[in-house]
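> would you be able to build a 3D model of this:
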Amino acid sequence: MKIRQKFILALLLIGLGPMFAMSVFAYMSASNALLLKTTDQLDSIAIKQTERVGAIVQSQQEETTQIANQYELRVNLAQYLAAPTVANKQRLNDLLQNAKASHTDLQYIRLFDAAGGLIASSVAEPASGDFISKLIMPGSGDVNDIRAVKDPRDGQVKLEISTRINALAKLSVVVRTDDLATVTQDYTGLDQTGETVVVTNDNKPLFPLRFKADGALTQDLSTLGIKNSTPGKYVAAVDYRGHDVLYVSHPVSLSNWQVVAKIDRDEALASTMTLRATMGWIFFIVCVFIIGMALIFTRFFTRPILRMERVARRIGGGDFSDSVGFTRKDEIGELGRSIDAMKDNLSSLIRGINSQRERLEVILNTTTEGIFAIDESAKVLLANRAAEVLLGGTAKDIFGKDLHDVFAWQQGMQPFTINYQEPGIKTYENLQFTDKQGAKRYVKVIVAQVHEQLQAGRTHAIVTIHDETASRELENMKTDFVSMAAHELRTPLTAVRGYLEMASLKEQQHEADAVVFVEKALKNVNELSGLINNLLDVTRIERGTLMLDMDKLDMAECVAQVVEDARFSADDREISLSYSGPQNGKYIVGDLIAVREVINNLLSNAIKYTQPGGKVAVSFNDVDGGYAIKVKDTGVGIAKEAQKYLFNKFYRVHGGLDSGSNGTGLGLYIAKSITERHDGAITVESEEGKGSTFTLSLPSFSQERLDKVRTVKDDDNTNKTRRKRGWVTKNIAR
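As a prediction, this is how the structure comes out:
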């Protein structure tokens, strides 16, 4: 949590804490007072209603007792029980009718024997069987036995009071409940949601409810928990409507009823709700006021702190362009000026470190040797650009990897393990490993353990790898070239010597035979001269002393002529040779002899490395700004790893004298050099077993370019050699 937030929270706690405590106390006091007042009111109403209900019930019971104690009724009952005649029964009916007439609130009076059989009734009309079945069955007949029942004749709730006259009969009086209903429906002091309910022992209301008129003797009021309530004590419960209510109950004397006075809790405590809302608004207004004041005060303190925090964060991120810039004279101003001074010092220090780091990076990345920094577990911590080239990937690909896993060292065709933990400086010669392209590399590895006092972070040792692959390959090519040159020179010299010896024996042969021998010797001398000239041409190319006679040249005519000249050689090897392209009219700026040599080299190689029955196709196409001459064969193809060395001098795809291919390995090197002198390029696409396609690309003719090369020729032809004879193509191989 930020300082500003803490300060605001502290002010809120200080300002609102006591106020909140006092408000809670006031609210609780008001709520308790209102609850006590509501309880007293409900208790008063419940007592009053209980007394009224009790008085009515007691009056009805006294009337019932008075009727049962009439002397005449008892005498006639005894006569009937002794002689149950119609006349005796009629006298009992008359007595009951007279009693009902004198008590207008009675519905009817009935007299039953001990078995429950009807003896007499106040109903004027004799009771039939159907009528009797509809009447209310008598109660137990015990003294003060009172119960609420529904009259089957009109469906109204009435009171049935039973009492015994003697052991052989009981009197049942059914009384209307109008007076009782009037009492319970008096809602004085109960506001809008209060009501008085008379509840029976089975949790049913005796009379219609205020909010449910048909609930008499049917609605379940067990949710109030009346049986467990204490008379005169308030109870919080849920009524039949699902509302939270407060009620007070009292029992009715001479019965098992309870009179309940209840009211909805929300209405009873409505004033506390208003008080709570008022307090809430007061709290809100006070909070807004305190927060506003806190923002004003904290702005004075936290704004400069936040300013310093932002500047410090930018300094931590390496941005030194911002400053605090305080002019205050207090402690905060002093702190701001200290931060600005720290920023300046850090900026100078980091600039120095970056400068040193950049110098080290330049040194590392311009070093031709691969350099690795490793920790004690031989995991790579740093690698320079030469190391990336050596591995054929990026440094991030090897960071964190074990150097034992990066390099699978071999020495003398056997696996070799370097101990990177060995102290001092150790050199390992003649090691090999295979790179990602599958090429074998020859290296020298130097492992130098970093002194403990110089160790930076986790750096434990510096591993330097010197790639000796190129020098090894050069040595191998030189060795192959010496062997090849000796072989190539010896072959024509031996033939020349043999033919000349045969020609010198004039006494043993005719003059015509001697001429043939001399011509053959001369042919071998020309081949030998061509080989020597090629070697001289390489020297001239590298020294820049080889002169070309650049002029407007019909490239299409040149290509077509070379193809025709090579057709005899192709037919001799049973190879199909084809040409597709124009016969003339496609001009470039070039040296006719040199360009013919390049095309002838590509075509002769294609024929040489194509098996009998194969095909060689030459095509001439216009491309953007120039021409593309393609020589495609179906020969043996060139391995992918050999293609990148194909245009190097002395390099031959099939090295060794027993490989079946002869030549100096200079042809493609000379061809590429001549092409580059013509501002062109040679590319190759090849797959082993499927053949190769060499593409010669040359720019088209322009007078501007011709004038340019002629100017260069005039200014730079001193000490340059131009061979007056043709370019020799014999024995120029890949």
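> per-residue confidence for the closest residue to residue 264 other than its chain neighbours?
Closest residue to residue 264 apart from its sequence neighbours, by CB to CB, 6 or more residues apart in numbering: residue 193 at 3.7 Å. C-beta coordinates here come from the backbone N, C-alpha and C atoms, glycine included. What the model reports for residue 193 is a pLDDT of 89.
> quick one, what contacts residue 193?
243, 245, 263-264, 266-267 (CB atoms under 8 Å, 6 or more residues apart in numbering).
> buried residues of stretch 218-228, list them for me.
For stretch 218-228, the neighbour count (16 or more other CB atoms under 10 Å) marks 219, 221, 224, 226 as buried.
> right, and the second one touches residue 237 too?
No - with contact defined as CB atoms under 8 Å, residue 221 does not reach residue 237; the gap is 9.6 Å.
> ok, back up a step: take the contacts of residue 193 and keep only those in strands.
245, 263-264 (DSSP state E).
> so which of those comes closest to residue 62?
residue 263 (33.7 Å; CB to CB).
> so that closest one versus residue 198, what's the distance?
17 Å (CB to CB, to the nearest Å).
> and what of residue 624?
111 Å.
> which of those two has more residues huddled nearby?
It is residue 198, of residue 624 and residue 198, that has more neighbours when counted by other CB atoms under 10 Å, with 25 against 6.
> low-confidence ranges in the protein?
Applying pLDDT under 70 to the chain flags residues 1-4, 124-144, 301, 395, 452-457, 473-517, 519-546, 650, 652-665, 712-734.
> mind listing what's buried in stretch 49-57?
Buried, per 16+ other CB under 10 Å, within stretch 49-57: 49-50, 52-54, 56-57.
> ditto for stretch 333-348
Buried, per 16+ other CB under 10 Å, within stretch 333-348: 336-337, 339-340, 343.
> narrow those to those in helices?
Under the assignment DSSP state H, the buried residues of stretch 333-348 contribute 336-337, 339-340, 343 to helices.
> would you format those residues as TSV with distance to residue 394 included?
Converted to TSV, these look like this (distance: CB to CB, whole Å):
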residue	distance to residue 394
336	44
337	46
339	39
340	41
343	35
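> now, among these, which is nearest to residue 577?
Closest to residue 577 out of these is residue 343 (78.0 Å), distances taken as CB to CB.
> what's the spacing between the closest one and residue 307?
13 Å.
> before we move on, what about residue 230?
On the measure of CB to CB, residue 230 and residue 307 end up 69 Å apart.
> over to residue 415?
Where residue 307 is concerned, residue 415 sits at a distance of 64 Å (CB to CB).
> can you give me the strands in the stretch 501-650 of the chain?
551-554, 576-580, 587-590, 615-623, 626-633 (DSSP state E, counting those that start in this stretch).
> tell me which of the ones you listed lies nearest to residue 410.
strand 626-633 (36.6 Å).
> so this protein: which segments form each domain?
The record assigns the chain these domain ranges, following automatic domain parsing: 4-62+185-271, 69-179, 367-467, 484-537, 544-715.
> how close does residue 443 sit to residue 467?
As judged by CB to CB, residue 443 and residue 467 stand 6 Å apart.
> joint contacts of those two?
residue 390.
> who has more neighbours out of these two?
Shown here are residue 443 and residue 467; by other CB under 10 Å, residue 443 has more neighbours (22 against 17).
> and that one, what does it touch?
390, 431-433, 465-469.
> likewise residue 585?
Contacts of residue 585 (CB under 8 Å, 6+ apart): 554, 556.
> that one and residue 331, how far apart?
Counting by CB to CB - residue 585 and residue 331 are separated by 92 Å.
> ditto for residue 678
Taken as CB to CB, the span from residue 678 to residue 331 is 80 Å.
> out of these two, which sits in the busier spot?
residue 678 (22 against 8).
> ranges for the strands of the stretch 251-400 of the chain?
Under DSSP E, counting those that start in this stretch, the stretch 251-400 of the chain gives strands at 258-264, 370-374, 380-383.
> comparing these, which comes out most buried?
Of all the strands of the stretch 251-400 of the chain, strand 258-264 has the most neighbours on average by mean count of other CB atoms under 10 Å, namely a mean of 25.
> ok now it, how far from the chain's centre?
62 Å (CA atoms, centre = their mean, to the nearest Å).
> for that strand, packing partners?
On a contact count with 3 or more CB pairs under 8 Å, 6 or more residues apart in numbering; DSSP states H and E, strand 258-264 meets helix 3-68, strand 195-199, strand 244-251.
> okay, angle between the longest one and strand 258-264 too, please.
I take that to be helix 3-68. In terms of direction (axes from the mean of the first three to the mean of the last three CA atoms, to 10 degrees), helix 3-68 departs from strand 258-264 by 150 degrees.
> ok so, going back, so for residue 415 and residue 307, which sits in the more crowded spot?
residue 307 (17 against 8).
> would you check how far apart the residue lying closest to residue 267 once chain neighbours are set aside and residue 63 are?
Nearest residue to residue 267 in three dimensions, chain neighbours excluded: residue 193, at 4.8 Å (CB to CB, 6+ apart). Residue 193 is 36 Å from residue 63, where distance means CB to CB.
> what do you get for residue 415?
Residue 415 is 125 Å from residue 63, by CB to CB.
> on that earlier part again, just put the strands of the stretch 251-400 of the chain in CSV and tack on distance to residue 146.
What follows is these, written out as CSV (distance: least, CB to CB, whole Å):
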stretch, distance to residue 146
strand 258-264, 14
strand 370-374, 107
strand 380-383, 103
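> wait, which of those is closest to residue 636?
That would be strand 370-374 among the strands of the stretch 251-400 of the chain, by CB to CB, at 35.0 Å.
> pairing partners for the helix or strand residue 112 falls within, with directions?
Using DSSP states H and E, residue 112 sits within strand 106-113. Applying DSSP bridges to the sheet, strand 106-113 is found paired with strand 118-121 (antiparallel), strand 169-176 (antiparallel).
> tell me what the helix or strand following the last one is packed against?
Okay, so that is strand 169-176. The element immediately downstream of strand 169-176 (helix or strand, assigned by DSSP H and E) is helix 178-184. Secondary-structure packing of helix 178-184 (3+ CB pairs under 8 Å, 6+ apart): helix 3-68, strand 195-199.
> now, which of the buried residues of stretch 333-348 sits nearest residue 382?
residue 343 (29.6 Å).
> identify the residues contacting that closest one.
By CB under 8 Å, 6+ apart, the contact set of residue 343 is 311, 315, 320, 323.
> hmm, try it at 10 Å
Residues counted as contacts of residue 343 (CB atoms under 10 Å, 6 or more residues apart in numbering) are 311-312, 314-315, 319-324.
> adding distance to residue 673, write these out as CSV.
Shown next, in CSV, are the contacts of residue 343 (distance: CB to CB, whole Å):
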residue, distance to residue 673
311, 63
312, 63
314, 57
315, 58
319, 53
320, 54
321, 54
322, 59
323, 62
324, 66
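> so residue 226 makes contact with residue 199?
Yes - in this structure, residue 226 is within contact of residue 199 by CB atoms under 10 Å, at 5.6 Å.
> overlap in contacts of these two?
Common neighbours of residue 226 and residue 199 (criterion: CB under 10 Å, 6+ apart): 249, 258, 260.
> quick one, helices of the stretch 251-400 of the chain?
265-268, 270-316, 331-366, 385-391 (DSSP state H, counting those that start in this stretch).
> any chance of those helices in JSON lines, plus distance to residue 69?
Shown next, in JSON lines, are the helices of the stretch 251-400 of the chain (distance: least, CB to CB, whole Å):
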{"stretch": "helix 265-268", "distance to residue 69": "48"}
{"stretch": "helix 270-316", "distance to residue 69": "54"}
{"stretch": "helix 331-366", "distance to residue 69": "105"}
{"stretch": "helix 385-391", "distance to residue 69": "126"}
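> between residue 221 and residue 237, what contacts are shared?
residue 262.
> contacting residues for residue 554?
In this structure, residue 554 makes contact with 560-561, 582-588, 592, 701, judged by CB under 10 Å, 6+ apart.
> could you do residue 472 as well?
Counted by CB under 10 Å, 6+ apart, residue 472 has contacts 430, 432, 440-443.
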